[in-house]
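Visitor: structure for this input, please:
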Amino acid sequence: MRLPKPRGPLSAALVTDLAAGSALGARTTTAAEAALASARDVLTDDDLQLGLAICYELHYRGFDGVDDAWEWDPDLLRLRGRLEERHLAALRELAGDVEVTEDPVDQQLTALIAADDGPSLSRYLARHGTLEQWREYLTLRSVYHLKEGDPHTWAIPRLGGRSKAALVEIQADEYGGGVPGRMHSQLFAGMMGDLGLDAGYGVLWDDAPAVAFTAVNTMSLFGLHRRWRGACLGHLAAVEMTSSEPSRRYSSGLRRLGFGDRTTVFYDEHVEADAVHEQIASVDMCGSLVAETPALAADVLFGARCSLVLDGLAATHLLGAWEQGRSGLRDEAAQAA
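Guide: Model (predicted):
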């Protein structure tokens with residue numbers, strides 16, 4: 001993919017350095033510190049979230065014209081670390097305290113999900129979503145779904161035994177069981193094309209709001225750090241445990257607009273697969289991890305809570321914009337002003 005358009009001093013300096021291919025400049029470090037000092041809300045800050053996403057993308061597919069050596073550049077990793085510190089602090093504040101009890105961790109995950117009262121995008125899109133609102137929603141979600149599975153897959157070599165086998169079982173389905181056309185990322189791309197969107201990897205980054213990157217940056221942070229392997233598994237468990245019924249509603253919403261099975265297959269697949277994955281994720285994957293390392297129970301629940309509150313953050317962003325009769329995508333003119 002090409003480097004995205006900058007959204008502020010940090011991302012502008014970072015893009016300039018990566019394209020130049022030399023070294024991280026003092027201007028970039030200064031811009032990062034200034035952005036961190038002035039940010040009112042790190043999790044919804046376009047410049048900070050895009051900057052962190054650029055750093056992480058070097059570990060995925062990279063950028064056209066950017067030397068692969070940047071992936072492990074020490075100065076860039078130090079800058080990423082500063083961004084991660086503030087991102088984590090903001091996540092902790094948003095997620096709040098998560099109490100760990102003596103109950104099995106799968107039961108604690110179920111209780112955590114049951115207590116979540118965030119807004120429901122799936123209900124709105126099923127009943128009221130227009131074609132344009134659906135396009136906006138898919139644009140936001142494309143930042144994740146076109147690499148679906150990849151952030152959580154980083155945790156596989158950091159596990160052993162039953163928890164590792166359970167994660168591999170879930171991820172095998174994400175990757176289509178070895179059939180390229182059945183990979184969930186490809187099914188999502190096909191749905192985007194049916195709705196008239198460009199499904200090229202990273203093509204819609206410039207249109208996506210900050211909250212789209214906040215969610216994926218959180219997954220990347222958990223997946224790329226062994227320290228956060230428990231949170232990575234908890235995050236994935238929450239995704240698997242909460243997506244079956246919403247996927248059914250998303251399929252219903254698309255059919256209401258006249259789309260058929262070819263378009264809804266992405267969500268239809270998740271209705272069936274995630275119903276099966278729920279027990280594998282909560283009992284076999286997270287339960288086994290906590291049984292092996294009880295101290296990770298708090299991280300598992302923290303990761304799950306992050307998944308829930310960030311879904312709520314994205315839903316609040318889109319539903320708030322639509323309620324006001326405006327687009328939920330990034331308005332470059334407004335950002336510039």
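
Visitor: from V203, how far off is the residue lying closest to S282 once chain neighbours are set aside?
Guide: In space, and not counting its chain neighbours, S282 is closest to D106: 3.8 Å by Cβ to Cβ, 6 or more residues apart in numbering. All C-beta atoms are positioned from the backbone trio N, CA, C, and that covers glycine. Here the criterion is Cβ to Cβ, to the nearest Å. By it, D106 lies 39 Å from V203.

Visitor: with just CA atoms, put stretch 234-253 into CSV.
Guide: C-alpha atoms of stretch 234-253 as CSV (Å, rounded to 0.1, in the frame of the first residue of the first chain):
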residue,chain,number,x,y,z
GLY,A,234,-9.0,-11.9,25.9
HIS,A,235,-9.6,-9.4,23.1
LEU,A,236,-10.1,-12.2,20.5
ALA,A,237,-12.4,-14.1,22.9
ALA,A,238,-14.6,-11.0,23.3
VAL,A,239,-14.7,-10.7,19.5
GLU,A,240,-15.7,-14.3,19.0
MET,A,241,-18.2,-14.2,21.9
THR,A,242,-20.1,-11.1,20.7
SER,A,243,-20.1,-11.4,16.9
SER,A,244,-22.5,-14.2,16.0
GLU,A,245,-25.8,-12.4,16.7
PRO,A,246,-24.6,-9.0,15.4
SER,A,247,-23.5,-10.8,12.2
ARG,A,248,-27.0,-12.2,11.8
ARG,A,249,-28.3,-8.6,12.0
TYR,A,250,-25.8,-7.2,9.6
SER,A,251,-26.8,-9.9,7.0
SER,A,252,-30.5,-8.9,7.6
GLY,A,253,-29.7,-5.3,7.0
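
Visitor: enumerate the positions of that stretch that are buried.
Guide: 234-244, 246-251, 253 (16 or more other Cβ atoms under 10 Å).

Visitor: centre of the chain to that stretch, how far?
Guide: Taking Cα atoms, centre = their mean, to the nearest Å, one finds the center of stretch 234-253 at 14 Å from the center of the full chain.

Visitor: report the contact partners of the residue nearest to S282.
Guide: Q279, S282, V283, C286, G287 (Cβ atoms under 8 Å, 6 or more residues apart in numbering).

Visitor: let's see it at 10 Å
Guide: 237, 241, 278-279, 281-287, 290, 300 (Cβ atoms under 10 Å, 6 or more residues apart in numbering).

Visitor: now do the domain split for this protein, please.
Guide: Domains of the chain are assigned by automatic domain parsing as 9-94, 101-336.

Visitor: nearest to M1, of these?
Guide: Distance to M1, taken as Cβ to Cβ, is lowest for domain 101-336 among these, at 3.1 Å.

Visitor: distance from the closest one to the middle of the chain?
Guide: Taking mean C-alpha positions (Cα atoms, centre = their mean), domain 101-336 and its chain are 7 Å apart.

Visitor: quick one: find the helix or strand in the chain with the lowest mean pLDDT.
Guide: Lowest by mean pLDDT, DSSP states H and E among the helices and strands of the chain is helix 332-336, with a mean of 43.

Visitor: could you list the low-pLDDT ranges of the stretch 151-300 of the chain?
Guide: Along the stretch 151-300 of the chain, the parts satisfying pLDDT under 70 run over 274.

Visitor: tell me which helix or strand the closest residue to R123 other than its chain neighbours sits in.
Guide: Distances taken as Cβ to Cβ, 6+ apart place R249 nearest to R123, at 6.2 Å, with adjacent residues excluded. According to DSSP states H and E, R249 maps onto helix 244-256.

Visitor: other SSEs contacting that helix?
Guide: Here helix 244-256 touches helix 121-127, helix 131-145, helix 184-194, helix 261-279, going by 3 or more Cβ pairs under 10 Å, 6 or more residues apart in numbering; DSSP states H and E.
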